[in-house]
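>>> Okay, here's the prediction I keep looking at, along with the sequence it came from:
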Amino acid sequence: MSTPSAPEGRYASFEAFYPYYIHEHSNRTCRRIHVVGTGLVILAFGVFVATQNPWWLLAMPLIGYGFAWVGHFFFEKNRPATFKYPLWSLMGDFRLFFETVSGKRRF
């Protein structure tokens with residue numbers, strides 16, 4: 001199986017980017033940390049909606065990036081895709097989360 005690598009330029013679509021995203025999350029612990037972090041971001045958003053306290057909005061990226069970067073720097077030992085592909089990386093986080101909680105991807 002070949003390793004998806006980033007093209008010289010940029011990915012043309014999210015669908016082209018996602019296999020690269022998954023490859024960059026091949027360490028199971030890193031994926032688990034991402035799923036937990038994304039779940040906590042969703043929970044923080046729910047608390048914001050319920051309380052209307054804007055501090056929860058500030059907490060969301062801190063929680064999400066905090067968990068993700070621990071996964072990358074300590075377990076995956078690679079550079080997060082967020083640095084080059086911020087929007088697609090965020091979309092990948094949520095897709096990975098929903099694939100995992102729906103049972104499509106192993107936790």
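That came through, no problem.
>>> So in the protein, which helix runs the longest?
Criterion DSSP state H: the longest helix present in the chain is helix 28-51.
>>> Can you tell me the element the residue nearest the centre of the chain falls in?
Centroid-nearest residue in the chain: Asp93, 2.8 Å away (criterion: CA atoms, centre = their mean). Using DSSP states H and E, Asp93 maps to helix 86-101.
>>> Return the set of buried residues in that helix.
Across helix 86-101, burial judged by 16 or more other CB atoms under 10 Å covers Trp88, Ser89, Leu90, Gly92, Asp93, Arg95, Leu96, Phe97, Thr100. C-betas here are computed from N, CA, C, even on glycine.
>>> mind putting the residues you listed in CSV, distance to Gly39 included?
CSV is the format used below for these (distance: CB to CB, whole Å):
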residue, distance to Gly39
Trp88, 20
Ser89, 17
Leu90, 15
Gly92, 15
Asp93, 11
Arg95, 14
Leu96, 11
Phe97, 7
Thr100, 9
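>>> so which of the residues you listed would you say is closest to His25?
Using CB to CB, Leu96 comes nearest to His25 of the buried residues of helix 86-101, at 6.7 Å.
>>> State the distance from the closest residue to the closest one other than its chain neighbours to Val49.
When the adjacent residues along the chain are set aside, Leu96 lies closest to His34, with 6.1 Å between them (CB to CB, 6 or more residues apart in numbering). For His34, the distance to Val49 equals 23 Å [CB to CB, to the nearest Å].
>>> So which of these two has more stuff around it?
His34 (24 against 9; other CB atoms under 10 Å).
>>> coming back round to it: show me which of the buried residues of helix 86-101 is closest to Leu57.
Taking CB to CB as the measure, Leu57 lies nearest Leu90 of those, at 14.9 Å.
>>> In contact with the closest one, which residues are there?
Thr82 (CB atoms under 8 Å, 6 or more residues apart in numbering).
>>> how far away is it from Val41?
When distance is defined by CB to CB, Leu90 is 10 Å away from Val41.
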